[in-house]
Each structure stands twice: as C-alpha cells, then as structure tokens.
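Q: what would the 3D arrangement of this be:
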Amino acid sequence: MDETKQAVEVEKPEDRIKLLTKLNDLRKLLMEKGILVKGAVNDFDNYEYFSEAQYKELFTELFSKCGIGFNSTETNVQLIDGTDKQKFGVFVTIEFQMSDIDTGYTIKSIHSGIAFDKGDKALYKAKTGALKYFFATTFLVATKDDPERVDDEKPKRTNTSYKQQNITDGQKTTIKKLYEKDVDALKKVLSSLNKKKIDELTLKEASDIIQNKKGGN
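A: So this is what the prediction gives:
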C-alpha cells in the first residue's frame, strides 16, 4: 500500500527576521509623517477623531510600500446587554494577520472590540474599535482617541490648524539625517520659509521638506 507523505512546513528564523525588518521600516515611514491629524468630526458631540477610513488609507499605503500583506478574520461575535440609551451591545474578537509577501511568513495578533448603539451599528463600531486598537498598539499610532471613553468624555474640537502644529522629534531626526551631508541646502530651505532653525518649522512644513527631499533623491 502506498503511503501518503505530507510535507511539514518548517518555520525559518530568517523569514521572521525579514518580516520584522519590514515592519520596522514601516514604523520609520510612519514616524516621518509626524503627528497624524484627525480628519473626521462628530458634529453632535463636537469632537474630532482619527477615522477608520484614515487608518485604512494610511496603512494600505504603508503596507504596500513595505511589501506586507494584511488580513483579518472574525473569530467570535457575542451579543451583550446594552445601556438605557443604547440598547444594542456587541463584543467581537478579530485575528489580524500581517505577512511578508516575499516569503509568506505571517504574524498573527488577537484583538477585541466592544460597542453599543441605538440601532444596528454596534457590530460595525466594535469591529472598527478592534481594528483601530490593533493599528494604534502595534505601531504606536498616537491620535489621542480613547476607545474606552464615553461620549461626554470625548476630547472636544480644537481650532489648532495642522499647518500650525509644531514639528515632531521624529521629523527633526529625519530632516537632520537627510541633510547631514548638505547643510547649505538645508539652510536655503529654511531661509525660503523664513526660518532659522529646524525647531521653528511647523508639522506641515517639516512633512513637505521630508517628502520633497526624498522625491529628489
């Protein structure tokens, strides 16, 4: 009788290192973007937040640049008791997978989300919360959005413009590295913006300088 032999996939340490290197490259690209500006507004409760659409757009770009595949699978959905104001509650658990598209090596992570709603959006909110929490904790995305806050504790809208926000430490480091062999060119760039020091740049000015310099290389 013929025996059927099944191939056993052996995990290669070098494949894990390759994926971790790509994830580190992604974090560097994320750092160069500086503070992520909240692009959505809850007009009813008057607060700004970093939306699901922004997360998806941002990480679709970063995953593509770094050669990383991304997927997610719901592993558990549980209905829970709601509140007096929001009758429907959902607890969802999702497995997120990040893969090296060159080797197929995959890292998995489990995250949960919980949400309440007056109608049928509780599941969507819970899934969105889990997704945003995964990205925020895995890549240390600082948006000041707290998924555990109740509505009346949400941060109120501010009038601070993206163009007026100060340069971040990550942007300072990146600009210094990009211009370490071309200090005169950096001085000209700063002069064109009526700035004498890197510290005087706004977040948007720093972001534009980084992108223009990289595009010119």
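
Q: name the element the closest residue to K125 other than its chain neighbours belongs to?
A: Among residues not flanking K125 along the chain, A115 sits closest, at 3.4 Å (Cβ to Cβ, 6 or more residues apart in numbering). C-betas here are computed from N, CA, C, even on glycine. A115 belongs to strand 106-117 when assigned by DSSP states H and E.

Q: where does A185 fall, helix, sheet strand or coil?
A: Under DSSP: H, G, I helix; E, B strand; the rest coil, A185 falls in the helix class.

Q: can you get me the start-to-end distance on stretch 96-108?
A: Its start and end residues considered, stretch 96-108 measures 6 Å (Cα to Cα, to the nearest Å).

Q: identify each buried residue in stretch 76-94, please.
A: 82, 86, 88-94 (16 or more other Cβ atoms under 10 Å).

Q: filter these down to just the ones in strands.
A: Among these, DSSP state E puts 88-94 in strands.

Q: out of the residues you listed, who's nearest T173?
A: I94 (33.8 Å; Cβ to Cβ).

Q: thinking again about what came up before, residues in contact with the residue nearest to K125?
A: Contact analysis of A115 by Cβ atoms under 8 Å, 6 or more residues apart in numbering lists 89-90, 121-126, 128-129.

Q: out of these, grab the one that's most surrounded.
A: A126 (27 neighbours; other Cβ atoms under 10 Å).

Q: give the contact list for that residue.
A: Here A126 is in contact with 90-92, 113-115 (Cβ under 8 Å, 6+ apart).

Q: ok, those residues vs D208, which is closest?
A: Among these, and counting by Cβ to Cβ, the member closest to D208 is G113, at 35.4 Å.

Q: pull the number of nearby residues for the closest one.
A: 22.

Q: do the same with the one 5 residues further on
A: Using other Cβ under 10 Å, K118 has 12 neighbouring residues.

Q: quick check: it touching T83?
A: No - using Cβ atoms under 8 Å, K118 makes no contact with T83, being 9.8 Å away.
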